[in-house]
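**Student:** model this:
(chains A, B, C, D, E and F)
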Protein chains: 6
Amino acid sequence: MTTPDYFTQYENLAMSRDEDGVLLVRFHTKGGPVTFTGQTHEDFPEALERIALDRDNRAMVLTGTGDSFMDQIDGPSLGEIFKPAAWEKTRVEGAKVLQRLVELPLPVVGVANGPAVIHSEYLLLSDIHIASERATYADVPHPSFGITGGDGVQVVWEEAAGTARAKWLLWTGEPIDARTALDWGVVSEVVAHERAVERGLEIARGLAAKPALYRSLQKQTLNRNLRKRIVQDVPFGMALEGLTAADLAYQPQA
Amino acid sequence: MTTPDYFTQYENLAMSRDEDGVLLVRFHTKGGPVTFTGQTHEDFPEALERIALDRDNRAMVLTGTGDSFMDQIDGPSLGEIFKPAAWEKTRVEGAKVLQRLVELPLPVVGVANGPAVIHSEYLLLSDIHIASERATYADVPHPSFGITGGDGVQVVWEEAAGTARAKWLLWTGEPIDARTALDWGVVSEVVAHERAVERGLEIARGLAAKPALYRSLQKQTLNRNLRKRIVQDVPFGMALEGLTAADLAYQPQA
Amino acid sequence: MTTPDYFTQYENLAMSRDEDGVLLVRFHTKGGPVTFTGQTHEDFPEALERIALDRDNRAMVLTGTGDSFMDQIDGPSLGEIFKPAAWEKTRVEGAKVLQRLVELPLPVVGVANGPAVIHSEYLLLSDIHIASERATYADVPHPSFGITGGDGVQVVWEEAAGTARAKWLLWTGEPIDARTALDWGVVSEVVAHERAVERGLEIARGLAAKPALYRSLQKQTLNRNLRKRIVQDVPFGMALEGLTAADLAYQPQA
Amino acid sequence: MTTPDYFTQYENLAMSRDEDGVLLVRFHTKGGPVTFTGQTHEDFPEALERIALDRDNRAMVLTGTGDSFMDQIDGPSLGEIFKPAAWEKTRVEGAKVLQRLVELPLPVVGVANGPAVIHSEYLLLSDIHIASERATYADVPHPSFGITGGDGVQVVWEEAAGTARAKWLLWTGEPIDARTALDWGVVSEVVAHERAVERGLEIARGLAAKPALYRSLQKQTLNRNLRKRIVQDVPFGMALEGLTAADLAYQPQA
Amino acid sequence: MTTPDYFTQYENLAMSRDEDGVLLVRFHTKGGPVTFTGQTHEDFPEALERIALDRDNRAMVLTGTGDSFMDQIDGPSLGEIFKPAAWEKTRVEGAKVLQRLVELPLPVVGVANGPAVIHSEYLLLSDIHIASERATYADVPHPSFGITGGDGVQVVWEEAAGTARAKWLLWTGEPIDARTALDWGVVSEVVAHERAVERGLEIARGLAAKPALYRSLQKQTLNRNLRKRIVQDVPFGMALEGLTAADLAYQPQA
Amino acid sequence: MTTPDYFTQYENLAMSRDEDGVLLVRFHTKGGPVTFTGQTHEDFPEALERIALDRDNRAMVLTGTGDSFMDQIDGPSLGEIFKPAAWEKTRVEGAKVLQRLVELPLPVVGVANGPAVIHSEYLLLSDIHIASERATYADVPHPSFGITGGDGVQVVWEEAAGTARAKWLLWTGEPIDARTALDWGVVSEVVAHERAVERGLEIARGLAAKPALYRSLQKQTLNRNLRKRIVQDVPFGMALEGLTAADLAYQPQA
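**Tutor:** So this is what the prediction gives:
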């Protein structure tokens, strides 16, 4: 089994695969914790398409690097999102990421290896989601940019934790810790920090051992509702985000 | 039965009621064919609320004045729709009109008394829809303003005429005449021009004679699907309209 | 192949089956045109369950007797439908009929052999629907009883003919003839009166020749949307019918 | 900023607004804990329309008066709800309240200042929901009147707490206390009784400081699913309630 | 009140009814804990139809026998499920069970009297669900047969416990105990083992005392969402199960 | 503007683009009418991804080559579709084609240049659909292979032509001609055979002249319902197709 070319093609995605067919995908920036950029946003849907088409991927672990899942974002790199025509690129890429995550023909174990305060929906769309005891969850970028949180966070938190908890988290911007996430039913296990990725790989190996068709169809069965809600509600949420972004051009000090 | 104050309260709406409880509502501008303005847009949802609460209204005829249902619009009167915060007012009012039309507790007979090339969805949401032989239908304002047609036209044309005809009408901006509308199943009857309103009143009188609860519940029964689609799809359509409107500020000669 | 006992068990249902496995089900009253009663309403869902479980039924033709599909109803036989607890029986049976019609594991050819002005939804739920040139369609009982048409007619007419035609038909109570039904796309073929049932059997024989699994799954594939709409909208429609029925007790001369 | 006339127009609603644009709305009866009446039911949707149109309202706190959110109802004031035509008024008003609550262009903080055993859905539809330590939740009026709980309680409890807890609460009529509501994820914070309203205002002030468009669109984003469910399921629930109410006329000692 | 014939007609269902109209239905095999077979699968939907039609059943308790709700299954008795035409029988019966459980015109109290590691959806579809302290929950048969869990478990767990917990339970096959089920909100009460059935009967008696129409319509009100999801998602889940079953014929040692 | 590499990369897709940004995509086999193969099925979704990402494509015409849109299929090239694991590839590709067609950020004009008796859904998903007078429509491959028609034909025909016409077409396998397609509202224009492609390009040029954001968002607005139905119903249809395919291995002479 040689290393596929796409493993090393994306600036913010480190990939490796073990003998059991478990693909480890880590967000990173130059080997350290990732700073999310417009490039990451553009690359991730393409990477997911490549991962999906490679039948040697039997299961996947999605995590961050070092002590953070994702807590830094390079706003300017996203471009002039206040211009609707520029926002359109973000909107299309964002929609693809969610669709492709739930349509992967293999189970994904999400491992929150630290703060997941940006794009926590990537983890919440995992098939099994575990957390380091140092993990925290929040929605930081939307309130800080002054745009609505419509890129999918609104759907996954509601479906995992119920309407009241989701609305509180997304309106206030306040964080919850790993134990609270466990209480809320958002993660299934909290493990010692240094054990987190290894535990994720362990679970993934168990799932990788199932027949190929089972892995693909079980995933579809268990994600059917989320997939429908993504198609029904995320395009709307992204459009409202785009409107609040466009409004920034007319705010007092925007 | 005295004349309710709301009959004369709205600049572009003429109202009168006969002894059978049939309310005739005509769009007009100073007694002639209406030029749709921001004021019309703001007044119509409020008027519909008043009409709904007045139990003396047993059925309603909705039509235009003279030889036109609606074919003139005063763009600037809608305000700075390219600013999302200003668009929001339009969006909210637009959503209310559609909801309130389908939630009226009485049947509405729509009479296309001439070109219905602006807000044809008002007619297509009627419970019975007839046309003068001079009627035409199109979607003129959206293409001419360069904004998407998401205010409800996309839903009502699709549900009345099927996806292919709806998409053709709304992409091309081309008109269809009354006979074509009859063929498409969008209107139920084409009558001589001078007879159109009278025929509408005649149908409405028949419906007004039914018991109050029957009128209200039959309407809900037969509009349930449209009502669900309005809530599901119009907020999205209006948001996309707002984004294309916001984009106008960045177009070469906007 | 002996004659199953359920063939002769229901007062208003005549059944026979040919060598190709085509079951002919005719509504009748003492061998002539049917007068629909509370008994018919109670028997039909049970008969459909029996038909579904009998694997020797490969296709089915549903029609009336003589020159009428259904145009007589014995109102009093339905019981005190103005009492909600009595209406509940009607509601439950009505819901079962529709569900079971679309869940039959075999294709149904509906043959309108004359006026279908009561329970036309039975025909519109067929997989192939043809009409004698003498057929007519309307909704007679609901307006005549003064109750809303929520038992399924509202769904099937809308899905077959579009919103405007469905609303016109169900508000006005006016009939359409077979040619109009063909123009509207509600029937696929209009045939000479004396040929109608025979033509239905001919089509059914073609379908009966397909493999069992194909017949069952093709039916599910093509009725998925109708089935969802039945579950979503008919319970609501039936509840509104029940309310208008309950209201009769308080009408001036009820 | 003068006091708008609608602040003092409704018998059971006390309103005041601070300099941050936070509107405090308290249910009350003559300054003490509210006894819910037919008048309250009629006034609340109208008040919500007025609140929505007043751009000076930037956020809202909804609570009760004294030590109770709502635990008294004046049954006879609702009118002859066993007559379907009378019930229709209740049904229409009830539907409007829920729609308008979720369509307000501003965030609402619900404060359960004591027992919320009537219309708890008003609180569960808040954007942030907190409780005094003395708060309790139950559905008292439906079982006590012998009518089904279809006015929205069935939707909001299910979406906030899951199907099993919602069904238990609504079938048994038993109460839960504030701590249990916190465990269930129905409230986000339990505070000392005397602090409850002040804490609600504090949260509301934080939300009121956001830009107007953000407040409106974030609310829509996070309430999209609830809004769809309200339109899909509450009209049905209200119809079933009406049928059980109509049935009361035929119960042994009704 | 004589004993209806259907009480003793089904090999794996023991039925008895008390004077309050509470029907106790126990799964069993020769009086001991049940081993689920193809016969059980075929009989249960028919039994539910009989139960629904018998107006003397006012409430129902559903439980197992001895110390187990259901933890043994006789795979071969299900037939050649790897043949799609044989699977079709399973699919149709499975769909009927779920529909009929939620459409019963009476409330059901589910009592997990021990391990519920097969068909736990029967309990989760109850109106009130309680557990013996010895109860456990898991999905054992699907992983052990290598087929996807699409028969309804995917819907009921998600709606009761949220997406993350449901996906974890169904991917891993691991069990949870009664206390965890209580924490997750899946059961409403955990009782001493020997008290479990008696406590279920006690709750059922309270519900049986309500008026007939209330029992039927409250059930529909509170199960509306589950019923829609069953119709939307279970046919798909069952089809995917059938495909994984068909795939078994081509697996290395199938 | 140079020629992108993907224009010549796919065996059965000929692409060219004019100065107005109108991309002409023709299905073909070695320059003549296409014989659809497993390779075409695999290539088309990938090509659509490339087309979507290339901003120089402003509108697209989709047609066949010579006198046929598509009427030949190479069954064996699709692989062992009776094996569910092999079918899975077909299922995934098929789902992608439909999603990507409706998500293209540019309008598509479908031109039926002759028989469209295979994959007619590609044309029916166009934004404007016209036909040569020699065009015919049918569903040939599914009945001839003995598998259900669940790959999307069931959705697009129903939404364009209503339930009765769709069911007739897909059960009988019989063709309709271009005039009938016009009557049914499935095509918007029937043109002389030799003019068909040119007329498609003419319409496409008009649409290509609109602003980029308008083209993308108008498309989304008008395809929202189809997109939701594709996600809701096609995975189910494809699963049933797979089951009928798997069943072929057990048919008498399969």
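**Student:** Stretch A:109-125 and chain E in contact?
**Tutor:** Yes - counting by C-beta under 8 Å from any C-beta of the partner chain, contacts between stretch A:109-125 and chain E involve A:Leu124. The way it works is simple: take the backbone N, C-alpha and C, and place the C-beta from them, glycine included.
**Student:** Rounded mean pLDDT for that stretch, please.
**Tutor:** In this model, stretch A:109-125 has an average pLDDT of 98.
**Student:** how long is that stretch from one end to the other?
**Tutor:** One end of stretch A:109-125 sits 9 Å from the other (C-alpha to C-alpha, to the nearest Å).
**Student:** neighbouring strands for the helix or strand containing A:Val111, and are they parallel or not?
**Tutor:** A:Val111 belongs to strand A:108-112 when assigned by DSSP states H and E. Strand A:108-112 has its sheet partners listed here by DSSP bridges as strand A:59-63 (parallel), strand A:128-132 (parallel).
**Student:** which strands and helices sit next to the following helix or strand past the first one?
**Tutor:** In the C-terminal direction, the helix or strand that comes right after strand A:59-63 (DSSP H and E) is strand A:72-73. Based on contacts counted as 3 or more C-beta pairs under 8 Å, 6 or more residues apart in numbering or on different chains; DSSP states H and E, the elements that strand A:72-73 packs against are strand A:35-36.
**Student:** Tell me which other helices or strands the strand it packs on touches.
**Tutor:** Applying 3+ C-beta pairs under 8 Å, 6+ apart, one finds that strand A:35-36 contacts strand A:72-73.
**Student:** What lies in contact with the strand it packs on?
**Tutor:** A:Thr29, A:Pro33, A:Val34, A:Thr35, A:Phe36, A:Thr37, A:Ile118, A:Pro141 (C-beta atoms under 8 Å, 6 or more residues apart in numbering or on different chains).
**Student:** Just the buried ones from those, in ChimeraX syntax?
**Tutor:** Command for ChimeraX, covering only those of the contacts of strand A:72-73 found buried under the criterion 16 or more other C-beta atoms under 10 Å in any protein chain shown:
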select /A:29,33,34,35,36,37,118,141
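**Student:** And the residue of chain A closest to chain B?
**Tutor:** A:Ala239 (3.6 Å; C-beta to the nearest C-beta).
**Student:** wait, what's in contact with that residue?
**Tutor:** A:Ala239 makes contact with A:Arg91, A:Gly150, B:Phe236, B:Ala239, B:Leu240, B:Gly242, B:Leu243, according to C-beta under 8 Å, 6+ apart.
**Student:** Over to A:Pro84?
**Tutor:** Counting by C-beta under 8 Å, 6+ apart, A:Pro84 touches A:Gly242, A:Ala246, B:Leu243, B:Thr244, B:Ala246, B:Asp247, B:Tyr250, F:Leu213.
**Student:** Regarding chain A, what is its longest helix?
**Tutor:** helix A:212-248 (DSSP state H).
**Student:** quick one, strands of the stretch 51-200 of chain A?
**Tutor:** Assigned strands in the stretch 51-200 of chain A, in chain order: A:59-63, A:72-73, A:108-112, A:115-116, A:128-132, A:136-137, A:176-177, A:189-191 (criterion: DSSP state E, counting those that start in this stretch).
**Student:** Could you give the separation of the fourth one from the chain centroid?
**Tutor:** Looking back up the chat, that one is strand A:115-116. 11 Å (C-alpha atoms, centre = their mean, to the nearest Å).
**Student:** and it, what does it pack onto?
**Tutor:** In terms of contacts (3+ C-beta pairs under 8 Å, 6+ apart), strand A:115-116 is packed against strand A:136-137.
**Student:** where does chain A have low pLDDT?
**Tutor:** Scanning chain A for pLDDT under 70 picks out the ranges A:1, A:253-254.
**Student:** Let's see that with 90 instead.
**Tutor:** A:1-2, A:143-146, A:251-254 (pLDDT under 90).
**Student:** Which members of the contacts of A:Pro84 are the farthest-apart pair?
**Tutor:** Spatial extent of these (C-beta to C-beta) is set by the pair A:Gly242 and B:Tyr250 at 13.0 Å.
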